[in-house]
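In: Make a model of this:
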Amino acid sequence: MQGGRLIDKTVSIFMPAYNAARHLENVISRIPRELWEIIRYVWIVDDGSRDATGQVVQRLCSANAKIRSARFGFNRGYGKAVREGLARCQQDKCDFAVCLHADGQYPPEAVLGFVEAMAALGIDLLQGSRIASGTALSGGMPLYKYVANRVLTFFENIVFGLSMTDYHSGMLLYSRKALDTLPFDRLSASFDFDLEVIARCRAQGLAIAERPIPTRYAGETSHLNPVTYGLRVLAVLAKYLAGRYDRQ
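Out: Residues are numbered from 1 along each chain as shown. Sure, this is the predicted structure:
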């Protein structure tokens, strides 16, 4: 420890990116200097983007040796992009892995505090909650998403036996234990991947927690179909109740 900061652990960040050329450089610029000191790598997973994301990633990699890229030749889906990022973090031997979205919705400024909390409290999966911060609506979350989030969260807490506020945030931090034990390659290729991670952690007795983050919607393009996603969420809950996530 030095200056009250955690310096004896390493962190890798991975960013699933699809048509994110407008936002990527800004997200990278927001990573604090003290976080760069403990970053092993920043993995940008280009999920078959059709805009200039590839060129932006190449420019970022040339400017900073800690930034690395992985690219799919075609769009394979959110879950597969996250799985690729997690695989890179498994291989690079970081102590903690962080999922940040390339559109800038989730705050890189909060990562260091999250990692310190995980190390101090023995947390295996830590989620950033927009609802817990009280900024969901003022930060631009559409009302229909807020209402749907609240309804689904009510049922998710009943099924999982937890008291979370925002199961649908994509800002997730993983401990090395979670990276080494969770079977990511058997989880969803779509947007319900993150919820399946929570279900698997719960079934395997890993420690799950959340911390508030500010909500930031700034006109980013959403590729999520809310109806399909809601049905996938219900399917995850049904599989959890059936004991599907208890199996190795």
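In: so where is this structure shaky, pLDDT-wise?
Out: For the chain, the stretches flagged by pLDDT under 70 are 1-7, 218-223, 247-248.
In: Tell me where the longest strand sits in this structure.
Out: Ranked by number of residues, the top strand in the chain under DSSP state E is strand 39-47.
In: What segments of this structure are helices?
Out: 24-29, 33-36, 53-63, 78-92, 111-121, 143-160, 176-181, 193-203, 226-241 (DSSP state H).
In: Spatially nearest residue to Leu143 (excluding sequence neighbours)?
Out: Distances taken as C-beta to C-beta, 6 or more residues apart in numbering put Leu137 closest to Leu143, at 7.1 Å, once the chain neighbours are dropped. All C-beta spots, glycine's among them, are computed from the backbone N, C-alpha and C.
In: ok, that neighbour touching Val147?
Out: No: the criterion here is C-beta atoms under 8 Å, and Leu137 misses it with Val147 at 10.3 Å.
In: more neighbours, the two?
Out: Neighbour totals were compared for Leu137 and Val147, and Leu137 leads with 15 against 10 (other C-beta atoms under 10 Å).
In: ok, now which ones touch the more buried one?
Out: Taking C-beta atoms under 8 Å, 6 or more residues apart in numbering, we find Leu137 in contact with Leu143, Tyr146, Thr215.
In: what's the closest of the residues you listed to Val111?
Out: Thr215 (16.9 Å; C-beta to C-beta).
In: how about the nearest residue to that closest one, chain neighbours excluded?
Out: Gly139 (2.8 Å).
In: For that neighbour, give me its contacts.
Out: With C-beta under 8 Å, 6+ apart, Gly139 has these contacts: Arg130, Pro214, Thr215, Arg216, Tyr217.
In: Torsion angles phi and psi at the third one?
Out: With angles defined as degrees, to the nearest 10, Thr215 sits at phi -90, psi 130.
In: For it, give its distance to Gly140.
Out: Per C-beta to C-beta, to the nearest Å, Thr215 is found 7 Å from Gly140.
In: Pick out whichever of the two has more residues nearby.
Out: Taking neighbours as other C-beta under 10 Å, Thr215 and Gly140 compare with Thr215 leading, 23 against 14.
In: thought the more buried one was touching Ser129?
Out: No: Thr215 is beyond contact range of Ser129, at 9.6 Å (criterion: C-beta under 8 Å).
In: thinking Arg202 is in contact with Leu241, fair?
Out: No: using C-beta under 8 Å, Arg202 makes no contact with Leu241, being 11.6 Å away.
In: who has more neighbours, these two?
Out: Arg202 (18 against 12).
In: ok, for that one, nearest residue in space, not its chain neighbours?
Out: The spatial neighbour of Arg202 that comes closest, neighbours along the chain excluded (C-beta to C-beta, 6+ apart), is Phe160 at 5.1 Å.
In: Identify the residues contacting the one you found.
Out: Ile198, Ala199, Arg202, Tyr240.
In: Show me what the longest strand of the chain is packed up against.
Out: When contacts are defined as 3 or more C-beta pairs under 8 Å, 6 or more residues apart in numbering; DSSP states H and E, strand 39-47 sits against strand 11-17, helix 53-63, strand 67-72, helix 78-92.
In: Would you mind measuring from the closest residue to Glu84 other than its chain neighbours to Glu34?
Out: Excluding the flanking residues, the one nearest Glu84 by C-beta to C-beta, 6+ apart is Val45, at 4.9 Å. Counting by C-beta to C-beta, the gap from Val45 to Glu34 is 25 Å.
In: now Gly113
Out: 11 Å.
In: returning to what we had before: most packed of the helices and strands packed on strand 39-47?
Out: strand 11-17 (a mean of 27; mean count of other C-beta atoms under 10 Å).
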